[in-house]
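> Sequence and predicted structure, then a few things I'm wondering about:
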Amino acid sequence: MAKRKSKTDSPVSEATDTSTKTRTSSRAKRPVDPSEDDIRHRAYQRYLERGGAAGSELDDWLQAEQDLRRQRR
């Protein structure tokens, strides 16, 4: 009669499976988009750098997004 294999007899167990570890670690290396609060803060800094003149809020926001993304690369 043949011996039945148990899960512990398997040559590759879940603990030694490197494919899962690789996928998880590659996600961690991907840059994270800046948060809305980070963008808001940077846009306000740009507003102050411009002397506090109104009328360029959208430009400040978009440039702040670009600045923060460039920093996180």
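Nice, I can see it.
> so what secondary structure elements neighbour the helix or strand hosting residue 69?
Residue 69 is part of helix 57-71, with elements assigned from DSSP states H and E. Contacts defined by 3 or more CB pairs under 8 Å, 6 or more residues apart in numbering; DSSP states H and E place helix 57-71 against helix 36-49. To be clear about C-beta, it is placed using only N, CA and C from the backbone, and glycine gets the same treatment.
> tell me the average confidence for the helix it packs on?
Average pLDDT, helix 36-49: 96.
> So what touches it?
Residues outside helix 36-49 that contact it (CB atoms under 8 Å, 6 or more residues apart in numbering) are 34, 56-57, 60-61, 63-65, 67-68.
> tell me the secondary structure for residue 53?
Under DSSP: H, G, I helix; E, B strand; the rest coil, residue 53 falls in the coil class.
> In contact with it: list those residues for me.
Counting by CB under 8 Å, 6+ apart, residue 53 makes contact with nothing.
> Tell me how far it lies from residue 64.
Distance, residue 53 to residue 64, using CB to CB, to the nearest Å: 16 Å.
> go on, residue 47?
From residue 47 to residue 64 the distance is 9 Å (CB to CB).
> same deal with residue 34?
Distance, residue 34 to residue 64, by CB to CB: 8 Å.
> and residue 34, how many residues sit next to it?
Using other CB atoms under 10 Å, residue 34 is surrounded by 19 other residues.
> How about it, nearest residue that isn't a chain neighbour?
The shortest distance from residue 34 to any non-neighbouring residue, by CB to CB, 6 or more residues apart in numbering, is to residue 68 (3.8 Å).
> Neighbours of the one you found, how many?
Residues near residue 68, counting by other CB under 10 Å: 17.
> which ones are touching it?
Contact analysis of residue 68 by CB under 8 Å, 6+ apart lists 34, 38-39, 42.
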